[in-house]
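Participant: Model the structure of this input:
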Amino acid sequence: MLITDVFETIKAAGKWFDLSKAHRGGERQTPYVARTGENNGLGAILPDQGFDAPNPGKAITIGVSTSTVFYQPVSFYTSKEIQVLRHAELSAVNGPILVTILREQMSKFQWGNGASLERLKATRIMVPVMTDADDAQRVDWAGLTRLGEELFDAAVAKSHVVRRADLGEDLLPDLNFEPMFVVDVPGRQGGLFRAHKGRRLITAHRKRGNMPFVAGSRGNNSIVDFADVPALFPAGWLTLIYNGDGGTGHAKYQPAPFSASDDVIVLEPITGEASEEALLLIVSMLTHQCVPKFGFGYKLTLHRLGRQKILVPVTTNSSGEQVVDWVGMRLYGRVLRARAERPMSAVLGAIP
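Facilitator: Numbers count the residues shown, from 1 in each chain. A predicted model of the protein is given here:
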């Protein structure tokens, strides 16, 4: 169905301004939607700009040059080149479904061929439909909403499963930091991980499936697709971007078996003591210590990673040797996780 038959209005966002000219003093309360692909498209949360946010919520935004699509539940400011799609039936329940459907069509819009109003209005998307009394097909908004409710309930239920109900710790343990090699090289140096490379698989050869496909993207845990490919690596390993969209040096923890492109270095923990909590800390340490150093023109190759040291918590073992403090990191990670999950529990508890 044509997008113009799905949405009542498709317009450019009103009263846009450059973020560099925004007033920053005061309480931050209003989203500023930009053309970023992260954080629901938000470039910032801004204080009052001397005028009400000109774009009401309950809308879908599309970045013209970046083809980024998000649902905006509340009123917002915008940068330039943001399209706004609206319908009276659009809601926080069915909106994310339409966002997913629209993203399927965004691959045809690229730099120099952006998602202009003219191109959007000529685009067709697959949506649930129903036939009215005049034998005309209309969007089945009620069906979309029921589907959204089912998916939302399933997501909330899964969030309860992954949270740790027994997290009661609140005091962070003291940790001592020393530089350690990232990569373990037998006979030469001790390190935290064994390094592996992903496998090249171009988009044209990648079919849709259920396997997380990790590539050189710093967003969405570096998962760019779910593909019909076998798992190359098990759950509980880290990925480190070697080459990507400004994400070189970004590390991610992968909680499920996955496949990875050749833009990714995969890190296998050398010890079974490397718990999920500890590895999540290592992810932050790697990212903060590698991102400033590596980038376009100085890529994070396996050779360079082999020489790289990062500061990590250490302790002394029974032989008097300095070793990685995996237990300390596990405890530290548990406290941080508990602090993060408490406000999440409050939000989920308020959902009827």
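Participant: CA only for contacts and neighbour counts going forward, please
Facilitator: OK.
Participant: Enumerate every residue touching the residue nearest to residue 190 when sequence neighbours are not counted.
Facilitator: In this structure, residue 190 finds its nearest non-sequential neighbour in residue 184, 4.8 Å apart by C-alpha to C-alpha, 6 or more residues apart in numbering. When contacts are counted by C-alpha atoms under 8 Å, 6 or more residues apart in numbering, residue 184 touches 190, 191, 192, 193, 194, 270, 306.
Participant: so where's the protein shaky on pLDDT?
Facilitator: Within the chain, the segments meeting pLDDT under 70 span 111, 162-169, 244-246, 348-352.
Participant: And it, what are its domain boundaries?
Facilitator: Each structural domain of the chain that the record assigns through automatic domain parsing is listed here as a residue range: 3-154, 176-345.
Participant: For the residue nearest to residue 206 when sequence neighbours are not counted, grab phi and psi.
Facilitator: In space, residue 206 comes closest to residue 227 once its chain neighbours are excluded; the distance is 6.3 Å by C-alpha to C-alpha, 6+ apart. Note on residue 227: backbone dihedrals following degrees, to the nearest 10 are phi -120, psi 160.
Participant: Return the set of residues that bridge with residue 227.
Facilitator: Beta-bridge partners for residue 227, by DSSP bridges, are residue 208.
Participant: Same question for residue 241.
Facilitator: Beta-bridge pairing for residue 241 (DSSP bridges): residue 264.
Participant: for it, what are its contacts?
Facilitator: With contacts taken as C-alpha under 8 Å, 6+ apart, residue 241 has the following neighbours: 215-218, 247-251, 263-265, 300.
Participant: coming back round to it: what would the contacts of residue 184 look like in CSV with neighbour count and secondary structure?
Facilitator: Formatted as CSV, these follow (neighbours: other C-alpha atoms under 10 Å; DSSP: H, G, I helix; E, B strand; the rest coil):
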residue, neighbour count, secondary structure
190, 15, coil
191, 20, strand
192, 23, strand
193, 19, strand
194, 16, strand
270, 14, coil
306, 18, helix
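Participant: Could you identify the most distant pair in those residues?
Facilitator: Between any two of the contacts of residue 184, the greatest separation by C-alpha to C-alpha is 14.7 Å, found for 270 and 306.
Participant: next one: the longest helix anywhere in the chain to chain centre, how far?
Facilitator: As assigned by DSSP state H, the longest helix anywhere in the chain is helix 326-349. Per C-alpha atoms, centre = their mean, to the nearest Å, the displacement of helix 326-349 from the mean C-alpha position of its chain is 19 Å.
Participant: by contact count, what packs against it?
Facilitator: helix 276-290, strand 309-316 (3 or more C-alpha pairs under 8 Å, 6 or more residues apart in numbering; DSSP states H and E).
Participant: try 7 Å this time
Facilitator: With contacts taken as 3 or more C-alpha pairs under 7 Å, 6 or more residues apart in numbering; DSSP states H and E, helix 326-349 sits against helix 276-290.
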